[in-house]
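Asker: I need the structure of the sequence given here:
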Amino acid sequence: MATRDITFERGLPANADAEQLVLGAIMLDDSSFVIIGAILEPNDFSLEKHKRIFNAMLALNEQGERIDRVTVANELMRRGHLESVDGISYLVSLDNGLPQIYNLESYARIVKEKSLLRRIIISSQAIIERAMLDQEDPTVILGDAEESLLKLSDAKGKDKLLRPGDIIEQFDGGISAFLDPSRRVSGLTCGFYKLDEMTSGLHAGELVIVAARPAMGKTALALNIAQRIATREKDPRPVAVFSLEMSNEQLLTRLICAEAHVDQQKFRLGYLNQDERRMLQMAAVKLAEAPLFIDDTAGANLMDIHAKLRRIKAEHGLSLVVIDYLQLMSGRGRQENRTQEVSGLSRGLKLLAKELKVPFMVLSQLNRAPDTRPSGDHVPQLSDLRESGSIEQDADMVWFIFRPEYYKPDREDLRGIAEVIIAKQRNGPTGKVKLAFLKQFTKFENPVNELPEGGPEI
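Answerer: The predicted model follows:
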C-alpha cells in the first residue's frame with residue numbers, strides 16, 4: 001500500500017518530476033550517483049517512496065554494489081518497502097526510455113532548493129505555533145529558532161563544489177595574488193610576535209578556542225589581543241567583545257589599567273599618584289576613540305550575538321569577535337545534557353565565523369584534571385576541555401594558557417612567565433609560545449628579548 005505524502009497534502013514546495021528524473025538517471029548510469037550523493041540526502045525528496053528508493057541506492061553504494069532497477073528492487077524487498085514504492089513497475093517507469101542526461105546536477109539542485117524551502121516553512125510554522133501557545137519562555141523559543149536556521153544555512157552550503165580554477169578566480173587579485181606568499185599568510189596580527197609567527201595571524205572564518213584553569217589569565221589574554229587590534233596606531237580594526245561574566249564597567253577598568261600600566265588594586269582603592277592618574281586619563285582617551293564594541297548581556301545566545309554582529313559589521317566593519325566564555329552562553333534549553341548543549345554552541349559559533357568571515361576567539365573552561373593529576377604535571381591537554389563534546393572538533397585552533405608560577409609560587413625563576421600552548425592548529429604547527437605576564441596589570445606582553453628591532457609595532 002502506498003504511503004501518504006504529507007508534502008503534497010499540505011501544498012509545500014516540491015518538484016516530483018525532477019525527483020523522478022534524478023532517480024531514473026542513477027539507475028540508468030550508476031556512476032552519476034557520485035554527483036547526486038554529494039548534493040542530495042534522502043530527506044531532500046518530497047515523496048516518501050522517493051526517499052525509500054534513494055535510501056536503497058545509498059545502501060547499495062556503501063556495499064559497493066551496482067545500482068539498477070533489479071538491485072534496487074531487491075534491496076527494497078529486503079527492507080520490506082517494495083510494495084510501499086508501488087512495486088517494480090514504478091522502478092521501471094523511472095528509467096524506461098530515459099535518455100542520457102548531461103545536466104543532471106541542475107535537476108539535483110532543483111530538488112535541493114525545494115527541500116530547503118520546505119524546511120524553512122516547517123521550521124517557521126513550528127516556531128509560530130509554539131509562540132502562539134505562549135507556554136514557554138520566549139528565550140527558549142528564540143534559541144530553537146536560531147539553531148534551526150543555522151542548521152538550514154549549514155545544509156545549504158554543503159552543495160558548493162568548486163574547481164581549483166573557481167577558487168583562484170574568487171581570490172582577491174587572481175592567480176598572482178594566490179601564489180604570493182605574503183598574501184597567503186596575511187592573517188590578523190595579534191601583536192604577540194612569536195604567536196603571530198606560529199599561527200600566521202588570525203584568519204577569517206576561524207574558531208579559536210582559548211582555554212585555561214581559573215586565574216591563568218584567559219580573559220586577560222583575549223582582552224589584550226582585542227585591545228592591541230582596536231588601538232594600534234596604523235589601521236585600527238573593529239573588534240566586538242561579548243563578556244558574559246563581567247560587567248561593562250569591570251571590563252573597561254581592566255582595559256584602561258592594562259593600557260596605562262596601573263595596578264588594578266591601587267585603582268580600586270584610589271591610592272594613585274599624579275603620574276598614574278595622568279596615564280589612566282591618556283589610556284581612557286585612547287580607548288574611547290577605538291573601534292572596540294563591548295556587550296555584557298548575561299546568558300547571551302547565538303541569535304542575540306548573530307543579530308548584534310551583523311549590525312556592527314554593516315555599520316562599522318568587523319575584524320575579530322571575542323566571547324568570554326563559552327560555558328556561560330545559553331543554548332536551546334532542551335538538550336538531553338550539557339555536553340550536547342555546549343557542542344551545539346561551539347558548532348553554531350563556527351558557522352557564524354564562516355558566515356561573517358571573521359575570526360572568533362572563544363574562551364572556554366577546563367575541567368579539574370590539570371590540578372589533580374597525581375604526577376604533578378599540570379600542563380593542560382585537549383582532553384581537559386570542559387564539557388568538550390565537539391569543541392576540539394569544531395575549533396581551528398586550541399590555545400591553552402599555562403603559568404607555572406601558579407602551582408609553584410616559591411620559585412622566583414617562574415615569576416611572570418606564561419606559556420600559550422597551541423595544542424591544535426588545523427593549518428599550522430603546534431607548540432609553545434612564551435609570554436611575559438604582568439599580574440598587577442593583568443596584562444600579557446612580548447618577552448623583552450623577543451621584541452623586533454626598532455621596538456614594538458603596536
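
Asker: Run through the stretch 151-300 of the chain and note the low-pLDDT ranges.
Answerer: 151, 153-163, 165-174, 176-186 (pLDDT under 70).

Asker: tell me the average confidence for stretch 392-400?
Answerer: Computed over stretch 392-400, the mean pLDDT rounds to 87.

Asker: So what touches it?
Answerer: With contact meaning C-beta atoms under 8 Å, 6 or more residues apart in numbering, stretch 392-400 is reached by 199, 203, 206-212, 346-347, 349-350, 366, 379-380, 382, 385, 391, 420-427. For the C-beta atoms, the positions are set from N, CA and C on the backbone; glycine is no exception.

Asker: Over to stretch 258-273?
Answerer: Stretch 258-273 has contacts (C-beta under 8 Å, 6+ apart) with 220, 223-224, 227, 231, 253-254, 256-257, 276, 279-280, 282-283, 286-287, 438, 440-443.

Asker: try 7 Å
Answerer: Stretch 258-273 has contacts (C-beta atoms under 7 Å, 6 or more residues apart in numbering) with 224, 227, 253, 257, 276, 279-280, 282-283, 286-287, 440-443.

Asker: Same question for stretch 95-106.
Answerer: Leu21, Val22, Gly24, Ala25, Met27, Leu28, Ser32, Ile35, Arg69.

Asker: Not counting sequence-adjacent ones, nearest residue to the first one?
Answerer: The reference is to Leu21. Tyr107 (5.3 Å; C-beta to C-beta, 6 or more residues apart in numbering).

Asker: Kindly state the pLDDT recorded for that neighbour?
Answerer: At Tyr107, the pLDDT value in this model is 89.

Asker: what kind of secondary structure is it in?
Answerer: Classification of Tyr107 using DSSP: H, G, I helix; E, B strand; the rest coil returns helix.

Asker: Excluding sequence neighbours, find me the nearest residue to Leu326.
Answerer: Using C-beta to C-beta, 6+ apart, the nearest residue to Leu326 is Ser364, at 4.6 Å.

Asker: Oops, could you answer that again for Ala418 instead?
Answerer: Distance criterion C-beta to C-beta, 6+ apart; nearest residue to Ala418, sequence neighbours excluded, is Phe437 at 4.1 Å.

Asker: can I get the CA coordinates of the host helix or strand of the one you found in PDB?
Answerer: Remark: Phe437 resides in strand 431-438, with elements defined by DSSP states H and E. Output in PDB follows, covering the C-alpha atoms of strand 431-438 (Å, rounded to 0.1, in the frame of the first residue of the first chain):
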ATOM      1  CA  GLY A 431      53.900  24.100  20.100                       C
ATOM      2  CA  LYS A 432      54.600  26.600  22.900                       C
ATOM      3  CA  VAL A 433      55.000  30.400  22.900                       C
ATOM      4  CA  LYS A 434      56.500  32.100  25.900                       C
ATOM      5  CA  LEU A 435      55.000  35.400  27.000                       C
ATOM      6  CA  ALA A 436      55.600  37.800  29.900                       C
ATOM      7  CA  PHE A 437      52.700  38.200  32.400                       C
ATOM      8  CA  LEU A 438      52.400  41.300  34.400                       C
END
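
Asker: partners of that strand in the sheet?
Answerer: Strand 431-438 sits in its sheet next to strand 417-425 (antiparallel), strand 443-445 (antiparallel), going by DSSP bridges.

Asker: Could you export these as a markdown table, including mean neighbour count?
Answerer: Listed next are these as a markdown table, based on neighbours: other C-beta atoms under 10 Å:
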| stretch | mean neighbour count |
| --- | --- |
| strand 417-425 | 20 |
| strand 443-445 | 22 |
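
Asker: lowest-confidence stretch among these?
Answerer: Here the lowest mean pLDDT among those goes to strand 443-445, at a mean of 86.

Asker: can you give me the strands in the stretch 201-350 of the chain?
Answerer: Per DSSP state E, counting those that start in this stretch, the stretch 201-350 of the chain carries strands over the ranges 207-212, 239-243, 292-295, 320-324.

Asker: Please identify which of the ones you listed is closest to Pro404.
Answerer: strand 207-212 (12.8 Å; C-beta to C-beta).

Asker: re earlier: okay, the strands of the stretch 201-350 of the chain in JSON lines with distance to Glu249 and mean neighbour count next?
Answerer: What follows is the strands of the stretch 201-350 of the chain, written out as JSON lines (distance: least, C-beta to C-beta, whole Å; neighbours: other C-beta atoms under 10 Å):
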{"stretch": "strand 207-212", "distance to Glu249": "23", "mean neighbour count": "26"}
{"stretch": "strand 239-243", "distance to Glu249": "11", "mean neighbour count": "25"}
{"stretch": "strand 292-295", "distance to Glu249": "10", "mean neighbour count": "20"}
{"stretch": "strand 320-324", "distance to Glu249": "15", "mean neighbour count": "24"}
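
Asker: can I get the ones you listed in CSV with distance to Cys190?
Answerer: Below are the strands of the stretch 201-350 of the chain laid out as CSV (distance: least, C-beta to C-beta, whole Å):
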stretch, distance to Cys190
strand 207-212, 10
strand 239-243, 11
strand 292-295, 14
strand 320-324, 9
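
Asker: how close does Ile26 sit to Ile67?
Answerer: Per C-beta to C-beta, to the nearest Å, Ile26 is found 6 Å from Ile67.

Asker: Confirm for me that Gly348 is in contact with Asp304.
Answerer: No - counting by C-beta atoms under 7 Å, Gly348 stays clear of Asp304, with 11.8 Å between them.

Asker: Please identify which of the two sits among more neighbours.
Answerer: Each of Gly348 and Asp304 has its neighbours counted (other C-beta atoms under 10 Å); Gly348 has more, 25 against 19.

Asker: Apart from its chain neighbours, what residue comes closest to the more buried one?
Answerer: Closest to Gly348 by C-beta to C-beta, 6+ apart is Leu302, at 4.5 Å.

Asker: So what's the residue count around that neighbour?
Answerer: Leu302 has 24 neighbours, counted by other C-beta under 10 Å.

Asker: That one against Ala145, yeah?
Answerer: No - assessed by C-beta under 7 Å, Leu302 is found out of contact with Ala145, at 10.1 Å.

Asker: Need the three-state assignment for Pro13.
Answerer: Assigned state for Pro13: coil (three-state reduction, three-state DSSP).
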